[in-house]
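J.: need a structure here:
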Amino acid sequence: MSGHIRAERELCCDDVAVSASGDALTYARALAQLESYRPAHLTAAVAASGGSLSGRIARLLGQPRPPAHTGPGPGVFAAAILLVAAAYGLFGQSGAHPAFQVASIKQNNSNWSDPTEHPMGVGYQPGGRLTATNASLMLLVQFAYAAHDDPRSGHSLPLMASQVAGGPAWIKTERYDIEAKPEGDTDPKHTWLMLETLLADRFKLRLHRETRELPGYDLTAVKSGPKLPAAQEAGCISFAPGTPPRHVPGKVDCGYVSGPFLGAWAGELHMKGRKVHMADLIRELASVLDRQVLDKTGFTGEFDLDLSFTPDAALMGFPSFGGPGGAGVPADPNLPNIFTALEEQLGLKLVPAKGPVEVLVIDHAERPAAN
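T.: Have a look, this model is predicted:
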């Protein structure tokens, strides 16, 4: 999360609403002075409840709470120094946070209920331009705060929908088209940071992070062991971020899992990949199922993948492929669902589990003003 969003949220809740562009040093001095004037009996009482200045600073820095003092002393002023350092570290990031030079946001009023007819997406273009088509604010947040580590397009798959909570109902239903350009050429990482800035400026987005216990899956091997197809020798080729893969004679696009996409007939879905690792499959499964998936297979090698299955309600991350909230692709009763396909075709099993997951909680959002 960008520093100015986190700073604004935490300082607002612990003390007063402070603009990320405010004078951090003045604020620190004022708090230190107020703390020094607080009567000793009130200081002890507030400190016991976690309300002391040093306690607030410790929380901002992610450090253990300092011991309570019964009156003003060196701890108060040491805490003030820490606050100055923290404030410059957090507030100072806001000025350096990159922003697009120009950005157009228009509401998309098409009949988007069937994503197969009206696809939605957010994409980085060579040079740093960002485009979004038929995208909800929810989807924009999922892309903006992704891990930025997917070799296909310069960032990971978007955050799982289950990793974004809160906010008004319209963030999932209203759709937008966005065209945004930086001042000069830039890389994918900075483009996604620019999207964070755009969401904060135009949608007035404010959010914070929490860790929650959520349902997920452990991916394990069946008792007889995995039966993953050995990776075949191939002349691999990679494409620059934002460049769509294309066929090159004698070369294969390797190292990631693609899909799910429709097969030869209705009701058939495929996930494919050449020379992939278990982490690549895990990433795609988590996206499709909208659940955290942990690797418990113990398999560390490369393999080729061609997984065929039929959609059902378990595909929570893909409404257009059977998940809730979309038109869906009809299931084929003659094909296995994704759970059975993993067992029969790859010797892998998804076991229900629970675990800690970092979640973005939307505290505030507004519809953007028309351009």
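
J.: In space, what's closest to Gly121 - neighbours in sequence excluded?
T.: Nearest residue to Gly121, sequence neighbours excluded (C-beta to C-beta, 6 or more residues apart in numbering): Thr133, at 5.6 Å. For glycine as for every other residue, the C-beta is placed from the backbone atoms N, C-alpha and C.

J.: Would you map out the domains in this structure?
T.: For the chain, automatic domain parsing gives the domain ranges 3-96, 102-213+359-364, 215-356.

J.: ok, then the element right after the helix or strand that contains the residue nearest to Gly121?
T.: If you go by DSSP states H and E, Thr133 is part of strand 130-136. Using DSSP H and E, the helix or strand that follows strand 130-136 towards the C-terminus is helix 137-144.

J.: What residues sit buried inside that following helix?
T.: Residues of helix 137-144 classed as buried by neighbour count (16 or more other C-beta atoms under 10 Å): Leu137, Met138, Leu139, Leu140, Val141, Gln142, Phe143, Ala144.

J.: quick one: contacts for the first one?
T.: Neighbour list for Leu137: Gly167, Trp170, Ile171, Lys172, Glu174, Tyr176, Leu199, Phe203, Leu205, Ala365 [criterion: C-beta atoms under 8 Å, 6 or more residues apart in numbering].

J.: burial measure for the second one, as a count.
T.: The number of residues packed around Trp170, counting by other C-beta atoms under 10 Å, is 13.

J.: Could you measure from the closest residue to it other than its chain neighbours over to Leu219?
T.: Closest residue to Trp170 in three dimensions, ignoring its sequence neighbours and counting by C-beta to C-beta, 6+ apart: Arg367, at 7.1 Å. In this view, Arg367 and Leu219 are 40 Å apart by C-beta to C-beta, to the nearest Å.

J.: which of these two has more neighbours?
T.: More crowded of Arg367 and Leu219, by other C-beta under 10 Å: Leu219, with 23 against 16.

J.: pLDDT wise, what is the more buried one at?
T.: With respect to pLDDT, Leu219 has a value of 98.

J.: now it: how far from Gln292?
T.: Per C-beta to C-beta, Leu219 is found 11 Å from Gln292.

J.: and what of Pro330?
T.: Pro330 is 28 Å from Gln292, by C-beta to C-beta.
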